[in-house]
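**Student:** Structure, please.
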Amino acid sequence: MPRRQASIAALIARLLSHYWTADDPPAIRRAQAEDWLEDLAEFTPEIVAEACREWRQNHGRREQPAPADIRKLATVEKRERDDRARRAAQMVYRGGCGSALDAERIPFAKVAVHQEQQREGRAISDEFARRNGYPDIDAYLDAGGRYADVVRGIATTARGPAGFSTVDAASSAIAAIELTARG
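**Tutor:** The predicted model follows:
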């Protein structure tokens, strides 16, 4: 199981440990875990962790979550993070700050820009993996794919958003791959 899936599986197991569960056979438990992973596959472990935390802190002990419940919370968290990063990146791209309050946000804005580049790099890397028959870059690397081939493939075919050059695409992809490799 790829690291990302293993992290999410551990988060869900931890969340569900707070609730009574039937003594289901191992095959049923595996099938349930696969359903959870499929339903949460588009989210990072950090977003799933926040969604689990939100559920634990705002729902009673008798209210066991379903995958759809955590998915709804994760969707909201992802949208909020994306909106914050987008606003911060726009502030940096527009030329900095216009007030002392904005100046305090600049370090966050720089981090947000970097995170946005990592997301774009991840999307480009995942697209490379799909073109090569893998569901995502993690699966490609787990199957023995090489970083050099990813970068070479991206550098020759990258098409990013307007103003996003091939070099930018390759750099963002490398950052995403390095982040994945660090775990």
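**Student:** Domain ranges for this protein, per the record?
**Tutor:** Using automatic domain parsing, the domain ranges for the chain come out as 1-80, 96-183.
**Student:** Include distance to Arg86 when you put those into TSV, please.
**Tutor:** All C-beta spots, glycine's among them, are computed from the backbone N, C-alpha and C. Formatted as TSV, the domains of the chain follow (distance: least, C-beta to C-beta, whole Å):
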stretch	distance to Arg86
domain 1-80	10
domain 96-183	7
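**Student:** Flag whichever of these has the least confidence on average.
**Tutor:** Across the domains of the chain, domain 96-183 has the smallest mean pLDDT, namely a mean of 65.
**Student:** just the helices in the protein please.
**Tutor:** With DSSP state H as the criterion, the chain has helices at 3-16, 26-40, 45-58, 67-93, 100-131, 137-142, 147-157, 166-182.
**Student:** for stretch 72-85, which positions count as buried?
**Tutor:** 73-74, 77-78, 81, 85 (16 or more other C-beta atoms under 10 Å).
**Student:** same question, stretch 15-31
**Tutor:** Applying a neighbour-count criterion of 16+ other C-beta under 10 Å, one finds 15-16 buried in stretch 15-31.
**Student:** For that stretch, measure first residue to last.
**Tutor:** For stretch 15-31, the first-to-last residue distance is 17 Å (C-alpha to C-alpha, to the nearest Å).
**Student:** Give me the contacts around it.
**Tutor:** Defining contact as C-beta atoms under 8 Å, 6 or more residues apart in numbering, one finds that stretch 15-31 is touched by 32, 52, 55-56, 61, 64-65, 70.
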